[in-house]
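Visitor: Sequence plus the predicted model coming up.
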Amino acid sequence: MAKRRELVSTIRLQAPGGQATPAPPIGPALGQHGVNIGQFVQQFNAETHALNGMTVTVVISVFSDRSYTFEVKSPPAAVLLKEAAKVAKGSGVPNKEMVGTITKAQLREVAQKKLPDLNAYTIESAERIVAGTARSMGIEVVG
C-alpha cells in the first residue's frame, strides 16, 4: 500500500532570484521541516537565473515524506517600483517627502507584471493597487 503524501507546511519566503544560498532565511525555514536545503537552492537558482538577483517571493509546499514543491511568484510591487523610479529605498515619511516619480506607462508595466499575483481582474484595478503601494513609498505617479 502506497503512503499518502500529506501537506505538512506551506512556507513563504523572499529570496534573490538566481542567487539564493542556504544561509538565512532559506536554510532555517527549510531545515526545521527536514527538506534538503542544497537541492532546493540548486533548483530555485536554476529556475530563477534570469531574474539576476531581483527579490522574488517563493511559496514552498512541504509534504509528510519530506518532499516539496515550490512556486515562484513575481517580485514584490515595492521592488518593481523602486527599480522603475530608480531610487534606493522608499520614503520614511511618504506623505511629506517624495523620493521619486514614475509615469503612468511605468505604472501600467509594473501592474502587468503583478497582475497574476494580485487580487484584481482588470489591469485598471491592478494599477490602482500598485499606485497605492507607490504612494505609501513616497513615489509620485505623474501623467
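Guide: Cool, got the structure.
Visitor: Count the neighbours of the spatially closest residue to residue 108 that is not a sequence neighbour for me.
Guide: Excluding the flanking residues, the one nearest residue 108 by C-beta to C-beta, 6 or more residues apart in numbering is residue 127, at 6.0 Å. Just so you know, the C-beta spots here come from the backbone N, C-alpha and C atoms, and that holds for glycine as well. Using other C-beta atoms under 10 Å, residue 127 is surrounded by 20 other residues.
Visitor: What is the one helix or strand residue 132 maps to packed up against?
Guide: Applying DSSP states H and E as the criterion places residue 132 in helix 123-137. Using 3 or more C-beta pairs under 8 Å, 6 or more residues apart in numbering; DSSP states H and E, the elements in contact with helix 123-137 are helix 77-85, helix 104-114, strand 139-142.
Visitor: and the residue nearest to residue 108, what does it touch?
Guide: Contact partners of residue 127, counting by C-beta atoms under 8 Å, 6 or more residues apart in numbering, are 107-108, 111.
Visitor: Tell me the one of those residues nearest residue 87?
Guide: residue 107 (14.8 Å; C-beta to C-beta).
Visitor: List the contacts of that closest one.
Guide: Residue 107 touches 84, 127, 130-131, 134, 141, counting by C-beta under 8 Å, 6+ apart.
Visitor: and if you look at residue 43?
Guide: By C-beta under 8 Å, 6+ apart, the neighbours of residue 43 are residue 70.
Visitor: that's a helix at it, yeah?
Guide: Yes - counting by DSSP: H, G, I helix; E, B strand; the rest coil, one finds residue 43 located in a helix.
Visitor: Show the pLDDT at it.
Guide: Residue 43 carries a pLDDT value of 91.
Visitor: can you offset everything so residue one is 16?
Guide: All set: I'll call the first residue 16, so the last point we hit is now residue 58.
Visitor: How many neighbouring residues does the residue lying closest to residue 145 once chain neighbours are set aside have?
Guide: Of all residues not flanking residue 145 in the chain, residue 126 sits nearest, at 4.7 Å (C-beta to C-beta, 6+ apart). Around residue 126 there are 23 other residues, counting by other C-beta under 10 Å.
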